[in-house]
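# Sequence first, predicted coordinates after that:
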Amino acid sequence: MIERYLADYVLPMDPGFSLHSPGFVDIAAGRVVAAGPAEQAPPLGRGDAEHRVGGLVMPGLVNCHAHSAMTVLRGAGEGLPLDRWLREVIWRREAGLTPEDARLGMLVGAAEMLRGGTTTSAEMYFHAGAVAEAAIEAGLRILVFPAVAEAPGWERFGTPSDMVRSAVALRERLAGADLVEVGLGPHSAYTLGDAALREVAEVSSATGMPVHIHLAETRTEGDAVTARTGRTVAAHLAGLGVLSARTTAAHCVWLADEDITLLAEHRVGVAHCPGSNGKLASGIAPVAAMRRAGICVGLGTDGPASNDNLDLLEEGRLSLLYARLRDLDASALSLEDALRMATSEAAAALGRDDIGALLPGRRADMIRLSLEDIVYDPVLRPRDVLAHLVWAGSARDVTDVWVGGRQVVKGRVCQTVDVEAARVGLRAAARRLAR
């Protein structure tokens, strides 16, 4: 059975950056069958259904880097730079965080993301089984990267080798879960020794598990590695075998020119988190230079304790502002670039070719945005709608969301999560962890 959706505008995020006005999207068995101009829609058969939804329909947004279970820590450590934020506040509170806390935090985070149009998220955190289960419950597609680190409070998870083995076991346990892909989440080169990083690389190579790692987030975090090895952190990770086409490096603010070349040569994807980098005063990533080098760059929110929301549309706007300010060039990034970095390019950065676009065969992850707000006027030509969306739109404009063809947000209400009940538990957990 085909479900057809007719909209005022359809933005499929195809290579040609087409915008169909009006347009259609056909879905069957959780996959996109076709999308294009409404006048070219093929006849429907008996038993097929047609839905006139209006507005703008486009692929679900792809969050390339998040720790969404940290909704339970939202707002903690305000005003601190990253190193002090982690050591003085976050790691201390996380030391008492339970699997149920992580589940509640992820459930609230998943509902927030779905309501804002995000249908896939790359999540690095501990208690990864609880995080994955919450995402499944909410109907959010997830790449979950069980964290591997040597940090205060993390001793309860065992050694880095224990954490790697746990990630492999979780992958086996969740095999066949349509919404989940399990990878490896080495936190960073400054929280892990060479042996642990090499083990991650070896296990990834042997199993095909993707790798997600923080890289060059702050100016000084790699100083110890460079002093010890004589190489940049990126070069050191390459030497250990960590960098590959299934590696996504988060932040990448303080990369040398040779680091950018190295990431491009290894086909590493990058998760750009402008909101978090701005809040923690980490710096502005060289996004335009990375993309010129051929690196796929996707947008990430980072955790809700360092952002503090999970709004990818806002990240798209910030990415434009920061890139243009960094290069003092109004053409450094375009509207098309920002939208690709939230959808198709984000999928590519994560090594996924089944999401991020409304193309035949891809997952039917789709969102509908209302264009009723005053900020969407005037429209003198169809593409004005996209300019209004990027520069003036917001997550609140998302009214309906489908993941794998299943509607999970209807009329701005998340259909899969009892948000108020989850918030009650979240508040209690937050108070306990803050003591």
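In hand now; what should we look at?

# Three-state assignment for the residue nearest to the spatial centre of the chain, please.
Per C-alpha atoms, centre = their mean, the C-alpha nearest to the average position across the chain is that of residue 63, at 1.6 Å. Following DSSP: H, G, I helix; E, B strand; the rest coil, we place residue 63 in the strand state.

# From residue 202, how far out is it?
Here residue 63 is placed at a distance of 28 Å from residue 202 (C-beta to C-beta, to the nearest Å). All C-beta atoms are positioned from the backbone trio N, CA, C, and that covers glycine.

# Where does residue 301 fall, secondary structure wise?
In this structure, residue 301 is located outside every helix and strand according to DSSP states H and E.

# tell me the phi and psi of the nearest residue to residue 244 once chain neighbours are set aside?
Setting aside the residues directly before and after it, residue 244 is nearest to residue 266 in space (C-beta to C-beta, 6 or more residues apart in numbering), at 6.0 Å. Dihedral angles phi and psi of residue 266 (degrees, to the nearest 10) take the values phi -90, psi 0.

# I'd like to know how many residues surround residue 266.
Using other C-beta atoms under 10 Å, the number of residues around residue 266 comes to 18.

# And the pLDDT at it?
Looking at residue 266, its pLDDT reads 98.

# check contacts around it.
The neighbourhood of residue 266, defined by C-beta atoms under 8 Å, 6 or more residues apart in numbering, consists of 238, 243-245, 247.

# tell me the two of the residues you listed that are most distant?
Distance extremes for the contacts of residue 266: the farthest pair is 238 and 245 at 12.9 Å, using C-beta to C-beta.

# returning to that earlier point: ranking by neighbours, what's the top pick from the contacts of residue 266?
residue 247 (28 neighbours).

# Run through the bridge partners of it.
When assigned by DSSP bridges, residue 247 has beta-bridge partners residue 211.

# That one and residue 214: what is the separation?
Counting by C-beta to C-beta, the separation of residue 247 from residue 214 is 12 Å.

# what's the answer for residue 399, then?
To residue 214, residue 399 is 34 Å away according to C-beta to C-beta.

# would you list every one of the helices in the stretch 251-400 of the chain?
For the stretch 251-400 of the chain, the helices defined by DSSP state H, counting those that start in this stretch occupy 257-265, 274-279, 287-292, 312-327, 335-341, 344-349, 384-392.

# Of those helices, which is nearest residue 71?
Closest approach to residue 71 among the helices of the stretch 251-400 of the chain (C-beta to C-beta): helix 274-279, 14.3 Å.

# Keeping just the C-alphas, turn the closest one into PDB.
Extracted as PDB, the C-alpha positions of helix 274-279 are listed here (Å, rounded to 0.1, in the frame of the first residue of the first chain):
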ATOM      1  CA  PRO A 274      28.300  25.600  16.800                       C
ATOM      2  CA  GLY A 275      25.800  26.100  19.700                       C
ATOM      3  CA  SER A 276      27.900  24.200  22.200                       C
ATOM      4  CA  ASN A 277      31.200  25.600  20.900                       C
ATOM      5  CA  GLY A 278      29.800  29.000  21.400                       C
ATOM      6  CA  LYS A 279      28.400  28.400  24.800                       C
END
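
# rounded to a whole number, what's the mean pLDDT of it?
Over the span of helix 274-279, the pLDDT mean works out to 96.

# Off-centre distance for stretch 382-395?
A distance of 21 Å separates the C-alpha centroid of stretch 382-395 from that of its chain, computed with C-alpha atoms, centre = their mean, to the nearest Å.

# which residues are in contact with it?
Here stretch 382-395 makes contact (C-beta under 8 Å, 6+ apart) with 9, 11, 19, 21, 56, 115-117, 309, 311-314, 316-317, 320, 335-336, 338-339, 369, 371, 373, 375-379, 397.

# In that stretch, which residues are buried?
Burial within stretch 382-395, assessed by neighbour count using 16 or more other C-beta atoms under 10 Å, is assigned to 383, 385-386, 388-390, 393, 395.

# swap in stretch 392-409?
Under the neighbour-count rule (16+ other C-beta under 10 Å), stretch 392-409 has 393, 395, 397-405, 408-409 buried.

# Which ones among those map onto strands?
Secondary structure assignment by DSSP state E places 398-403, 408-409 of those in strands.

# In the chain, what helix or strand scores lowest on average pLDDT?
Here the helix or strand of the chain ranked lowest by mean pLDDT, DSSP states H and E is helix 82-84, holding a mean of 88.

# now that one: how far from the chain's centre is it?
Computed by C-alpha atoms, centre = their mean, the separation of helix 82-84 from the middle of its chain amounts to 22 Å.

# Moving C-terminal from it, which element do we reach first?
Past helix 82-84, heading to the C-terminal end, the next element that is a helix or strand (DSSP H and E) is helix 91-94.

# tell me the angle of the helix or strand just after that next one relative to strand 406-410?
Heading C-terminal from helix 91-94, the first helix or strand you meet, by DSSP H and E, is helix 99-115. An angle of 80 degrees separates the directions of helix 99-115 and strand 406-410 when computed by axes from the mean of the first three to the mean of the last three C-alpha atoms, to 10 degrees.

# which secondary structure elements does the helix or strand that comes right after helix 99-115 contact?
Stepping forward along the backbone from helix 99-115, the first helix or strand reached (DSSP H and E) is strand 118-125. Counting contacts by 3 or more C-beta pairs under 8 Å, 6 or more residues apart in numbering; DSSP states H and E, the secondary-structure elements packed against strand 118-125 are strand 61-66, helix 99-115, helix 128-138, strand 141-148, strand 398-403.

# ok, and which of these has the densest surroundings?
Comparing the helices and strands packed on strand 118-125 by mean neighbour count (mean count of other C-beta atoms under 10 Å), strand 61-66 ranks first with a mean of 31.

# From what I see, residue 358 and residue 13 are in contact.
Yes. With contacts counted by C-beta atoms under 8 Å, residue 358 reaches residue 13, the gap being 6.8 Å.

# With neighbour numbers in mind, choose between the two.
It is residue 358, of residue 358 and residue 13, that has more neighbours when counted by other C-beta under 10 Å, with 29 against 23.

# Nearest residue to the more buried one in space, please, no chain neighbours.
Distance criterion C-beta to C-beta, 6+ apart; nearest residue to residue 358, sequence neighbours excluded, is residue 12 at 4.0 Å.

# Got the phi and psi for the one you found?
Summarising the backbone geometry of residue 12 under the convention degrees, to the nearest 10, its torsions are phi -80, psi -10.
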